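Visitor: Generate a structure from the sequence data that follows.
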Amino acid sequence: MRKKVILICSVCFSRNYNVDKNMQVTERLEIKKFCKKCNKHTVHKETK
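Guide: Got it, this is the predicted structure:
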């Protein structure tokens, strides 16, 4: 089963992306993606 999660930019803390995550994975998701507010690629982390 998959769960929808929101990714937040680690630099400016804007919520930019909604992604699906596998429920069996226990650790938080961290992906390097483009932030529109920072105008560069930054690490995006899963929110609570």
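Visitor: who's in contact with residue 17?
Guide: Taking Cβ atoms under 8 Å, 6 or more residues apart in numbering, we find residue 17 in contact with 6, 7, 33, 44. The C-beta positions use only the backbone N, C-alpha and C, and glycine is treated the same way.
Visitor: Compare those and tell me which has the most neighbours.
Guide: Highest neighbour count within the contacts of residue 17, by other Cβ atoms under 10 Å: residue 44, with 24 neighbours.
Visitor: Over to it. Which of the three states is it?
Guide: Following DSSP: H, G, I helix; E, B strand; the rest coil, we place residue 44 in the strand state.
Visitor: beta partners of it?
Guide: Residue 44 has these beta-bridge partners by DSSP bridges: residue 9, residue 31.
Visitor: can you pull the contacts of it?
Guide: Residue 44 makes contact with 7, 8, 9, 10, 16, 17, 30, 31, 32, 33, 35, according to Cβ under 8 Å, 6+ apart.
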